[in-house]
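# Turn this into a model:
(one chain, ligands or ions: 2)
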Amino acid sequence: MLADYHTHNYLCKHADGTLEQYVQHAISLGLDEIGLSDHTPMPDNWDHEVRMTEAQFWSDYAPEVQRLQEAYRGRITVKFGLEGDFMPGTETWVKEFNAKSPFDYVIGSVHYLDDWGFDNPLFVAKYDEKDVNDIYGLYYERIRQSAESGLFDIIGHCDLVKKFGHRPTKAMEEVLRETFKVVKRSGMAVEINTSGLRKPVKEMYPSETILAILSEYGIPLTLGSDAHTPGDVGKDFGLAKALVERYGNGRISVFTQRQRSEVTV
Ligand SMILES: [Zn+2]
Ligand SMILES: [Zn+2]
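Residues are numbered from 1 along each chain as shown. Ligands and ions are numbered 1, 2, ... in the order given. Below is the predicted model:
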């Protein structure tokens, strides 16, 4: 069975379409599950230009996800997800916020290195002001911290730092092994996120180099399109499925009320 666990909608202000349109596109593709996982609000409505506010979470997001779960029962399973942000200093707020709703899963993503939104095309020039190896080093430090935080169920797009094509000049294997050992200990899954194919890097997140490490360590996988428009739901899942067969024994993880189980793709 196939499940797309990474989708957005109009509430984050940088995606199109209603939640229902994402669900309907998933049904048209014959997916078994769709996870709605919009960008989380943050404390004090920080960076609300690219995410829903906390008020919108309660007035629009949570009730609409729960309405769709009921409305489409029997046609597709709709999961109540969220894409969280890992930022040091916000852990207590995030823990309390995540405990208030019956989420099926929360993706943990690193989109910021200190105050730099490194995956935002508006701030791409900053890559040239820093040492690329330092950027990668700090990125994987944040991934390790996000895994150790215990706040999340799935590591989102775990090599997002390559999005615009900047590559480290030093060997990364030791850093990657150290990082994914921590992820393995956390019990989290790692997503295969097809959106990288639609970005300048033109490559899945994660790379096959990382997938080989995940396979060696027995780290479970999920699937996500990271759709920011309904038509991108399930995008390139044929390619993703082949990677699951190669690096995940043909199995993906699904989550219900933050409990993981595995199904065959
Ligand atoms: Zn987004
Ligand atoms: Zn993301």
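
# Buried residues in the strand ranked longest in the chain, which are they?
Secondary structure of the chain per DSSP state E: the longest strand is strand 77-85. Across strand 77-85, burial judged by 16 or more other CB atoms under 10 Å covers Thr77, Val78, Lys79, Phe80, Gly81, Leu82, Glu83, Gly84, Asp85. No exception for glycine: its C-beta is placed from N, CA and C like everyone else's.

# give me the beta-bridge partners of the last one?
By that I understand Asp85. Ser109 (DSSP bridges).

# pretty sure it is in contact with Pro41, am I right?
No: in this structure Asp85 lies outside contact range of Pro41 using CB atoms under 8 Å: 9.6 Å.

# show me where the stretch 1-150 of the chain has helices.
19-29, 54-56, 62-71, 91-99, 132-148 (DSSP state H, counting those that start in this stretch).

# Enumerate every residue touching Val244.
Contact partners of Val244, counting by CB atoms under 8 Å, 6 or more residues apart in numbering, are Ile192, Leu221, Leu223, Gly250, Arg251, Ile252, Val265.

# What residues does the residue nearest to the spatial centre of the chain make contact with?
Residue closest to the average C-alpha location in the chain (CA atoms, centre = their mean): Gly156, at 3.1 Å. Residues in contact with Gly156, defined by CB under 8 Å, 6+ apart, are His6, Glu83, Ile107, Gly108, Ser109, Val110, Glu191, Asn193, Gly224.

# Among the residues you listed, which one sits closest to Val161?
Relative to Val161, the closest of those is Val110; by CB to CB it sits at 8.3 Å.

# Using CSV, write down the CA coordinates of the strand or helix carrying Ala242.
Per DSSP states H and E: Ala242 is located in helix 237-247. The C-alpha coordinates for helix 237-247 follow below in CSV (Å, rounded to 0.1, in the frame of the first residue of the first chain):
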residue,chain,number,x,y,z
PHE,A,237,6.1,7.6,-6.0
GLY,A,238,7.0,5.0,-8.6
LEU,A,239,10.7,6.0,-8.2
ALA,A,240,10.3,6.2,-4.4
LYS,A,241,8.7,2.7,-4.3
ALA,A,242,11.7,1.3,-6.1
LEU,A,243,14.0,2.9,-3.5
VAL,A,244,11.8,1.3,-0.7
GLU,A,245,12.2,-2.0,-2.4
ARG,A,246,16.0,-1.6,-2.6
TYR,A,247,16.7,0.1,0.7
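
# Tell me which residues of that helix come out buried.
Phe237, Ala240, Lys241, Leu243, Val244, Tyr247.

# what do you get for stretch 203-215?
Met204, Tyr205, Pro206, Ser207, Ile210, Leu211, Ile213, Leu214, Ser215.

# What helices and strands are in contact with the longest strand of the chain?
strand 33-36, helix 62-71, helix 91-99, strand 105-109, strand 251-256 (3 or more CB pairs under 8 Å, 6 or more residues apart in numbering; DSSP states H and E).

# do you know which of the ones you listed lies nearest His14?
strand 105-109 (14.3 Å).

# Would you mind pulling up the elements that the closest one packs against?
Applying 3+ CB pairs under 8 Å, 6+ apart, one finds that strand 105-109 contacts strand 77-85, helix 132-148, strand 154-155.

# Now for the buried residues of helix 237-247: which two are most distant?
Phe237 and Tyr247, at 15.1 Å, using CB to CB across those.

# OK, contacts around Asp159?
So Asp159 contacts Tyr205, Pro206, Ser207, Ile210 (CB under 8 Å, 6+ apart).
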